[in-house]
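Asks: for reference, the sequence and a predicted model appear below.
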Number of protein chains: 2
Amino acid sequence: MENSSNLKVFSLDTSSPRVVACYFDSEKKIMIELETKAKHGIQVSQVVEKLKEVDFNSLDVIGVGIGPGGLTGLRVGISFALGLGIGKRFVRISSLKLIAMNALASNGYIGVVRKAREGYLYAGLYHAENGKLHTLVEPFIESIDVVRERFKSYNQLLLLGDGAEYFKDYGIVFEQPTYSQYNFPSVRNLYLLTIEEIANGNFVDALHIEPLYLQKSIAELNFEKKLKQIQEK
Amino acid sequence: MENSSNLKVFSLDTSSPRVVACYFDSEKKIMIELETKAKHGIQVSQVVEKLKEVDFNSLDVIGVGIGPGGLTGLRVGISFALGLGIGKRFVRISSLKLIAMNALASNGYIGVVRKAREGYLYAGLYHAENGKLHTLVEPFIESIDVVRERFKSYNQLLLLGDGAEYFKDYGIVFEQPTYSQYNFPSVRNLYLLTIEEIANGNFVDALHIEPLYLQKSIAELNFEKKLKQIQEK
């Protein structure tokens, strides 16, 4: 188990309008969250500006949020990370698990649901107990109805993510608008997940960093449509 | 109920080794957490450096963590806030409630315990339910034994803060060392509490900003000691 305390680590998630980034080494921890009306590319530069004490050439490990989430944002973040880290070690951060971590202190089921294309959600299912988070269902994409049906049997399910509104009838959904904060990744949890991935030795090289692209292909969608038409006859 | 979305707000908590600070207005949110080996005064300057897009002269409201916590750090943060805000409106943030917010997603009792002087704890008791946090017992200072006794009757009590270790035998305490992150204030929750105080109109002027100083006086302590001696006879 690698101890991250001697490493110089930078980690970044750009899967949402809130860019979160942290740097840490044995001397310091710097955590930044930034939400502006600027595009992700600009926001990443703004974050870097705030990290002028960081020597980006001497990083040991780079963490990067791979989604699922907004694909343009993810591409910007991942490209930036790759630019920093040719030949270096990477850890991949699940952007849904990152949001689930917002409810680490809860005891129970956590469904993370983020809006994908119209009528669809990225979804993942987690369970928290005494400060430990377990992944029950890895991120998938499905129509709102299918996700609703799939999550229905989980008692006292807490919903996080910008798709939580679709679950108000049976799930626990935090009060809006202020607590919509809990629907975004937080930098502290990015830090915690990055440490966890390093401790577990889950390193990959630059070739293995790409957005978690869960969209069904058009072919799959057409097939499903046909199947439905047949079933309805 | 004042809507903070049209205001320019800066908020800061220096009650722990982790300085947390945020700025927000209708266009942007910037959140920073900084933990270095530097003294609080230097850390505050380092935070300000990272906020160069902020016009500190045009702030509408200033939030400041008033503790309880490390008194030197608090004095530095409060002095800085006062310097920024002569004649402006302030909101006071309880540094214990700030830590309790780390478990907003839990359903149940949250005890926040921070080490005060040797053998004593600052303590506060909160209850979270469906994303709402209620204060049950306002911050107080007592010996570890007295706090332990006072909190004992709360079922499934989650303990946060650097004094949590004293409650391992009957409380829920997050795994160390990584999740000791939950014992520190987080900038996201500073942002949320600042918004809440503004929405509730809890404004004070600069004259009413001072650290929450809960220490018992030496006279009180001597009196208690004598009382105990008498009772033991």
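Replies: Nice, I can see it.
Asks: what is the mean pLDDT for stretch A:138-158?
Replies: In this model, stretch A:138-158 has a mean pLDDT of 96.
Asks: now do the buried residues in it.
Replies: Buried residues in stretch A:138-158, counted by 16 or more other C-beta atoms under 10 Å in any protein chain shown: A:139, A:140, A:141, A:142, A:144, A:147, A:148, A:151, A:154, A:157, A:158. Where you see a C-beta, it was placed from the backbone N, CA and C, and this is true even at glycine.
Asks: quick check: the first one is in a strand.
Replies: Yes: counting by DSSP: H, G, I helix; E, B strand; the rest coil, residue A:139 falls inside a strand.
Asks: which pLDDT value belongs to the closest residue to it other than its chain neighbours?
Replies: Nearest residue to residue A:139, sequence neighbours excluded (C-beta to C-beta, 6 or more residues apart in numbering or on different chains): residue A:124, at 4.4 Å. You'll see residue A:124 listed with a pLDDT of 97.
Asks: and the strand or helix carrying residue A:124, how far out from the chain middle?
Replies: In this structure, residue A:124 sits in strand A:120-129 according to DSSP states H and E. Between the centre of strand A:120-129 and the centre of its chain there are 11 Å (C-alpha atoms, centre = their mean, to the nearest Å).
Asks: and whichever strand or helix holds residue A:99, what other elements does it pack with?
Replies: Here residue A:99 sits within helix A:95-100, counting by DSSP H and E. Counting contacts by 3 or more C-beta pairs under 8 Å, 6 or more residues apart in numbering or on different chains; DSSP states H and E, helix A:95-100 packs against strand A:108-115, strand A:120-129, strand A:132-143, helix A:187-199.
Asks: of the ones you listed, flag the one that's most buried.
Replies: Mean neighbour count, computed with mean count of other C-beta atoms under 10 Å in any protein chain shown, is highest for strand A:108-115 among the helices and strands packed on helix A:95-100, reaching a mean of 25.
Asks: in chain A, which spans are strands?
Replies: A:9-13, A:19-24, A:29-35, A:61-65, A:89-93, A:108-115, A:120-129, A:132-143, A:158-160, A:172-173 (DSSP state E).
Asks: any chance of the ones you listed in JSON lines, with distance to residue B:9 too?
Replies: Shown next, in JSON lines, are the strands of chain A (distance: least, C-beta to C-beta, whole Å):
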{"stretch": "strand A:9-13", "distance to residue B:9": "25"}
{"stretch": "strand A:19-24", "distance to residue B:9": "20"}
{"stretch": "strand A:29-35", "distance to residue B:9": "14"}
{"stretch": "strand A:61-65", "distance to residue B:9": "28"}
{"stretch": "strand A:89-93", "distance to residue B:9": "30"}
{"stretch": "strand A:108-115", "distance to residue B:9": "28"}
{"stretch": "strand A:120-129", "distance to residue B:9": "31"}
{"stretch": "strand A:132-143", "distance to residue B:9": "32"}
{"stretch": "strand A:158-160", "distance to residue B:9": "25"}
{"stretch": "strand A:172-173", "distance to residue B:9": "26"}
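Asks: rewinding a little: contacts for the helix holding residue A:99, please.
Replies: If you take C-beta atoms under 8 Å, 6 or more residues apart in numbering or on different chains as the criterion, helix A:95-100 is touched by A:13, A:15-16, A:65-69, A:74, A:110, A:112, A:114, A:122-124, A:126, A:128, A:133, A:135, A:139, A:160-161, A:182-186, A:189-190, A:193, A:212.
Asks: quick one, what contacts the residue nearest to residue A:134 when sequence neighbours are not counted?
Replies: Closest residue to residue A:134 apart from its sequence neighbours, by C-beta to C-beta, 6+ apart: residue A:127 at 4.8 Å. Residues near residue A:127 by C-beta under 8 Å, 6+ apart: A:108, A:109, A:110, A:133, A:134, A:136.
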